[in-house]
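Engineer: Model the following, please.
(chains A and B)
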There are 2 protein chains.
Amino acid sequence: MFYDEIIDSLSVENNTKILYLIIDGLGGLQVEEKGGSELEIANIPNLDRLASISSCGLIDPVRTGITPGSGPSHLALFGYDPIQNNIGRGILSALGIGFKLTERDVAVRINFATVDKGGVILDRRAGRISTEICTKLCQKIRDNVKPPEDIEFFIEPEKEHRAAFILRGDDLYGDIHDTDPQRIKEKPLEPVAINQESERTVSILKGLLKQISVVLEDEYPANAILLRGFAKYKPLKSLYERFKLECLAIANYPMYQGVARLVGMEVYPAQKDLASEFRVLKEKFNKYDFIYLHVKKTDSYGEDGNFDKKVAVLEELDGLLPIALELNPDVLVVTGDHSTPSRLKGHSWHPTPLILNSPYARKDRVERFNEINCGAGILGRMPAVNLMTLALAHAKRLAKFGA
Amino acid sequence: MFYDEIIDSLSVENNTKILYLIIDGLGGLQVEEKGGSELEIANIPNLDRLASISSCGLIDPVRTGITPGSGPSHLALFGYDPIQNNIGRGILSALGIGFKLTERDVAVRINFATVDKGGVILDRRAGRISTEICTKLCQKIRDNVKPPEDIEFFIEPEKEHRAAFILRGDDLYGDIHDTDPQRIKEKPLEPVAINQESERTVSILKGLLKQISVVLEDEYPANAILLRGFAKYKPLKSLYERFKLECLAIANYPMYQGVARLVGMEVYPAQKDLASEFRVLKEKFNKYDFIYLHVKKTDSYGEDGNFDKKVAVLEELDGLLPIALELNPDVLVVTGDHSTPSRLKGHSWHPTPLILNSPYARKDRVERFNEINCGAGILGRMPAVNLMTLALAHAKRLAKFGA
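Structural biologist: From the prediction side, this is the model:
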């Protein structure tokens, strides 16, 4: 029996409420000129006070040393082991642009690429064409490619040379090898079914790919496409099925809304800013067992390498925190999905600080909410997938294991 | 997918350098009369300074509470889970004496034993005969036992009643049950093949065992042998294959050279002392991506129960540390393979202190390099097998997991 299954089997109903404040890319790194990390420098009296009356610790998003994408790291926070639930790239692409997948859909990630006259790949990213050109090419494909009857297809631009491609119809399957050979000087591969079930999907796909190659023939540099990460959409066992939690997601960006949907949360329409998210929280709090509120901009500024603006978002959040505290959730979790140190301008492997507040949480000696202080917290360092179990336990939503 | 496979799949090339200083048996235990553990008492200003500008923690060699041999504990440091990669005792015996195994070899550990006239075991260790006698008996067997054509055998003394036995030839296999019944008052077992493939090897072995029993007939107390841990040699997937690391091992003892070879490292010839090892390090540093430098004497003095001499080796190492620091590796790891507290005169299960130094390591508040201070470090406590992942992450040699 896996850890997951044990937790599920212990789950019991209760009327307690869990609130997750997820600060994207929360963890940082010290910057010498600044005198500390983003969290160490930020003026965040409310978060510090909360830390001082709570259990603190550090979470590893996926496993020690692994830098996660947002998909896997969020799945872990919600109690889904991202290694066991390794969602296909196609699905993550579609979720990432807010495409509403159905259970009749097979999704795959497209890279626009450059091939020579003989069809040999010269550049797997077509010179990183602009998102604008990508958008135009997607439209051209939509206008000129005709799928078989009963089949729909969708092609949606992502950033630069990337797009999501979705086939919709009955009895489609996604067990299909990539057409991207992952190296240049070779031709794109033919799509090949991994099992018999997927053969019909492959034959439909081949028809479409043929038409697409005609559409792109005279384009340059994006005159071909490579497909990676075919996957059929199948929502995971929902948080309601697993833990009897009626859940609401308050998140402004498509990727996070998509992951929330994947685990069966209701998703509130995107808000214009953080203050509005907190207004929604206040308004909706009573109707749900579990609310996930997502703070995006810490990650965005981390990715930009903008230390000061990441600090400013932390301070803005700190000012809004009393709204959450007044709601008095039975369990309040404040953490990140992963670290995005502005010094690294990207996601990193460093564990992210954690506050777990509840009347049943052991109060440790941590008095400031940052990476180093939380590292000395009573919760120690643990994989993020364990966090949901701890939240459920503190919410008295887990029965005893064994007699 | 296992953790191992995920790390491998994320590995990317880079020109960063990783240096591992592995202090054998590093961890100790407090001794009341001395006023602390070996590390707490040692005067190690360079290690302390390094700790104060790095991330610190504790590693469990195999798993919490398990006392490891040097083989498994080193495999873990290099990123090979010692439980999944449970190398046969025969192979470890051969590696331990520096025998250069080939892929045509099946190795097994010999215990000389005492049997009565009816062949019943009286003592499984032949009264722990001296290494000298063991050496003579091995020579006698070499001189008098004749293998079949196309087969070679090797018998090499280890310590006291132990020896390594290697069969070399085509199509030999090591899936063979032990002949050691693990108790006295029974006869040694016949070797039995676990699968068909190994049957020919067993029949060759039986011929040799018959001859050996004649050779030992008139010896006393070592008048029989017991065989344990048959295994065919197969190098592990190399560190180059897994992580694109060109590796050099600087280690003076055969066991450590053998394990380094097992994971595909190049092995520098043994040096006479620690200072010479550091000279090699300085000379060879630029040519490799990963260098493993092994400090043996801390373990040896720990095994002898010699607290003061273990302290002296730590101080000697501290004096040499600046040579490593001047090379400015991208990632510098200082840790042990396991603990060998002089108070216990042997390996122990206690976790061993760890320094991880890199521009991307979070600086924690640890200011002294010892067991207790490192226990409060930001890396917390983790299985040793995770260390390589962390080293690769800090060396920017791992891609993101998921989108």
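
Engineer: Pull the contacting residues for residue A:261.
Structural biologist: Residue A:261 makes contact with A:95, A:100, A:235, A:249, A:267, according to C-beta atoms under 8 Å, 6 or more residues apart in numbering or on different chains. In this view, the C-beta of every residue, glycine as well, is placed from N, C-alpha and C.

Engineer: One more pass at 10 Å, please.
Structural biologist: By C-beta atoms under 10 Å, 6 or more residues apart in numbering or on different chains, the residues touching residue A:261 are A:95, A:98, A:100, A:101, A:235, A:238, A:249, A:267.

Engineer: Just list the residues touching the last one, thanks.
Structural biologist: Yep, that's residue A:267 we're talking about. Taking C-beta under 10 Å, 6+ apart as the test, what residue A:267 contacts is A:98, A:247-251, A:254, A:256-261, A:292.

Engineer: Then the first one?
Structural biologist: Applying C-beta under 10 Å, 6+ apart, one finds that residue A:95 lies in contact with A:70-71, A:87, A:101, A:107, A:164, A:233, A:254-262, B:403.

Engineer: Now with 7 Å, please.
Structural biologist: By C-beta atoms under 7 Å, 6 or more residues apart in numbering or on different chains, the residues touching residue A:95 are A:71, A:255, A:258, A:259, A:262.

Engineer: helix or strand for the fourth one, which one?
Structural biologist: In the assignment (DSSP states H and E), residue A:259 maps to helix A:254-262.

Engineer: Export only the CA atoms of that helix, formatted as PDB.
Structural biologist: Output of helix A:254-262 as PDB, limited to C-alpha atoms (Å, rounded to 0.1, in the frame of the first residue of the first chain):
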ATOM      1  CA  PRO A 254      -4.400  29.700 -16.100                       C
ATOM      2  CA  MET A 255      -1.700  27.200 -15.100                       C
ATOM      3  CA  TYR A 256      -2.800  27.200 -11.400                       C
ATOM      4  CA  GLN A 257      -6.500  27.200 -12.300                       C
ATOM      5  CA  GLY A 258      -5.800  24.200 -14.500                       C
ATOM      6  CA  VAL A 259      -4.000  22.200 -11.800                       C
ATOM      7  CA  ALA A 260      -6.700  23.000  -9.400                       C
ATOM      8  CA  ARG A 261      -9.300  21.700 -11.800                       C
ATOM      9  CA  LEU A 262      -7.200  18.600 -12.300                       C
END
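
Engineer: Could you identify the helix or strand that succeeds that helix?
Structural biologist: strand A:266-267.

Engineer: and the helix or strand that that next one is followed by, what other elements does it pack with?
Structural biologist: For strand A:266-267, the succeeding helix or strand toward the C-terminus, using DSSP H and E, is helix A:274-284. If you count contacts as 3 or more C-beta pairs under 7 Å, 6 or more residues apart in numbering or on different chains; DSSP states H and E, helix A:274-284 packs onto strand A:247-250, strand A:290-295, helix A:307-327.

Engineer: average model confidence for whichever helix or strand comes after the second one?
Structural biologist: Right, the one you point to is strand A:290-295. Note on strand A:290-295: by DSSP H and E, the next helix or strand toward the C-terminus is helix A:297-304. Per-residue pLDDT values across helix A:297-304 average out to 96.

Engineer: ok and helix A:297-304 relative to helix A:307-327, angle-wise?
Structural biologist: 170 degrees (axes from the mean of the first three to the mean of the last three C-alpha atoms, to 10 degrees).

Engineer: can you give me the offset of helix A:297-304 from its chain's centre?
Structural biologist: Here the centre of helix A:297-304 is set off from its chain's centre by 15 Å, with C-alpha atoms, centre = their mean, to the nearest Å.

Engineer: And chain B, is that helix touching that?
Structural biologist: No - if you take C-beta under 7 Å from any C-beta of the partner chain as the test, helix A:297-304 misses chain B, and the best it gets is 12.2 Å.

Engineer: Arrange the helices and strands packed on helix A:274-284 in TSV, one row each, with distance to residue B:208 and mean neighbour count as further columns.
Structural biologist: TSV is the format used below for the helices and strands packed on helix A:274-284 (distance: least, C-beta to C-beta, whole Å; neighbours: other C-beta atoms under 10 Å in any protein chain shown):
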stretch	distance to residue B:208	mean neighbour count
strand A:247-250	68	24
strand A:290-295	68	25
helix A:307-327	70	18
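
Engineer: out of the ones you listed, nearest to chain B?
Structural biologist: Chain B lies closest to helix A:307-327 among these, at 15.1 Å (C-beta to the nearest C-beta).

Engineer: Name the surrounding residues that touch that closest one.
Structural biologist: Residues contacting helix A:307-327 (C-beta under 7 Å, 6+ apart): A:19, A:21, A:23, A:31, A:34, A:38-39, A:41-47, A:50, A:274-275, A:278, A:281-282, A:285, A:295, A:297-298, A:301-302, A:332, A:342.

Engineer: Can you tell me which of these are buried?
Structural biologist: Neighbour-count burial (16 or more other C-beta atoms under 10 Å in any protein chain shown) applied to those gives A:19, A:21, A:23, A:31, A:34, A:38-39, A:41-42, A:44, A:46-47, A:50, A:274, A:278, A:281, A:285, A:295, A:297-298, A:301-302, A:332, A:342.

Engineer: quick one: contacts for the closest residue to residue A:186 other than its chain neighbours?
Structural biologist: Excluding its sequence neighbours, the residue lying closest to residue A:186 (C-beta to C-beta, 6 or more residues apart in numbering or on different chains) is residue A:121, at 6.0 Å. By C-beta under 7 Å, 6+ apart, residue A:121 lies in contact with A:113, A:115, A:184, A:185, A:186, A:187, A:188.
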